[in-house]
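In: Output the structure for:
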Amino acid sequence: MGSASLVSAGLYLSAQLGSVGSLVLALLAPLPLFLIGLSMGARAVSISGAAAALIVISVTGGIGAVMYIFTHAAPAFLIAWKAGLSQPVVDASGKATQAWYPTGLLVAWLAVPPIAMLALAFGYGLATGEGFKDLVATQMEPMLEVIRSAPSEIIPGLAEKPSAEQMAAIETLVVQLVPVTIALVGMFTSLANGLLAQSLLTRFGHNLRPSPRMSEIDLPLWLIAGMAGSLLVHFLVGGNIGFLAITLAGILAFPVFMSGLGVAHALAERTKSPFAILFMTYAMLMIAGYVMMIVMTALGLIDHFAGLKARFRAGSNQT
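Out: You can find the predicted model right below:
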């Protein structure tokens, strides 16, 4: 566990070097924690995460440690905790088996740390009197200044000298997208490292539970309702509450996107050429990222009410 703490903290701190390679290494900072958690349990990852946070705080101070905890240690702990839950059940044939914590709920738990960070940021904005939206805008001022200095070079297709109204709209959009983007990158990083850790542990026989399947991502109603409610609040209420609501909706959209991606996996399992289906799906995600993300999120919403994955699983010959 001690080595996992050192490696994780070292990878996280490597981002301070500023090179492309160091930033890539920093994305692997959660991997040692997931390896510990998915092989030894939540208690082990909590100890390793706390030790790594102490190393980070000694180098970067409190802010760096808080970011490390919420973006790396907390997701690894939550997933290790929930992934290790199971209960004995008897299937239709009368055979005793083990039912593991549902895949969809594991994905949903990835949204908890960024929501907690969002709540802290919102509370801090209220405490300082600056407001959440203005707080984000203040932090983004260096980026906004770069956009103002050369807008047509930063944003392809934009006029050489955009009007004041256009620039105001661009700045509003940037400020609105940044918190969501940070949260989405954090959740994707946790997901990728968790999947990689589980794959490595399974290969060497050290995994605590069988690997979850994408086709088994079934989301709870509260998550769908939360995303829909957040969108409604955003359109009905402006200001800081509306800004908070659209950010929350973006965070909750990530599990829905994963559910939509699970539909493609469920379909692939039913066909004779699963690789072709998945190759086309992920290729389209790389080519038309934002468009395909919206499509997959919409597909996840449709699946929740139409049960597409369940229908594909029923017709699949795979276990």
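In: Let me see the contact set for the closest residue to I224 other than its chain neighbours.
Out: Closest residue in space to I224, ignoring its immediate chain neighbours: H304 at 5.5 Å, by Cβ to Cβ, 6 or more residues apart in numbering. (Glycine included, C-beta is placed from N, CA and C.) By Cβ atoms under 8 Å, 6 or more residues apart in numbering, the contact set of H304 is D218, L219, L221, I224, V256, S259.
In: Next one, pLDDT for H304 please.
Out: pLDDT, H304: 94.
In: Closest one to G61 out of the contacts of H304, please.
Out: V256 (35.9 Å; Cβ to Cβ).
In: Give the buried residues for the helix or strand containing the closest one.
Out: Using DSSP states H and E, V256 sits in helix 239-270. Buried residues in helix 239-270, counting neighbours by 16 or more other Cβ atoms under 10 Å, are found at 240, 242-270.
In: I'd like to know which elements that helix is packed against.
Out: Where contact means 3 or more Cβ pairs under 8 Å, 6 or more residues apart in numbering; DSSP states H and E, helix 239-270 is packed against helix 103-109, helix 112-128, helix 132-139, helix 164-203, helix 221-236, helix 274-287, helix 289-306, helix 308-314.
In: possible to save those helices as JSON lines with distance to A80?
Out: Below are the helices and strands packed on helix 239-270 laid out as JSON lines (distance: least, Cβ to Cβ, whole Å):
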{"stretch": "helix 103-109", "distance to A80": "10"}
{"stretch": "helix 112-128", "distance to A80": "13"}
{"stretch": "helix 132-139", "distance to A80": "31"}
{"stretch": "helix 164-203", "distance to A80": "9"}
{"stretch": "helix 221-236", "distance to A80": "21"}
{"stretch": "helix 274-287", "distance to A80": "27"}
{"stretch": "helix 289-306", "distance to A80": "25"}
{"stretch": "helix 308-314", "distance to A80": "25"}
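In: Point out the most buried one among those.
Out: helix 103-109 (a mean of 21; mean count of other Cβ atoms under 10 Å).
In: now that one, how far from the centre of its chain.
Out: Here the centre of helix 103-109 is set off from its chain's centre by 11 Å, with Cα atoms, centre = their mean, to the nearest Å.
In: then it to PDB, C-alphas only?
Out: This file holds the C-alpha atoms of helix 103-109, laid out as PDB (Å, rounded to 0.1, in the frame of the first residue of the first chain):
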ATOM      1  CA  THR A 103     -22.700  -2.100 -13.000                       C
ATOM      2  CA  GLY A 104     -25.000   0.900 -13.600                       C
ATOM      3  CA  LEU A 105     -24.800   2.000 -10.000                       C
ATOM      4  CA  LEU A 106     -21.000   1.700 -10.100                       C
ATOM      5  CA  VAL A 107     -21.000   4.200 -13.100                       C
ATOM      6  CA  ALA A 108     -23.500   6.400 -11.300                       C
ATOM      7  CA  TRP A 109     -21.100   6.700  -8.200                       C
END
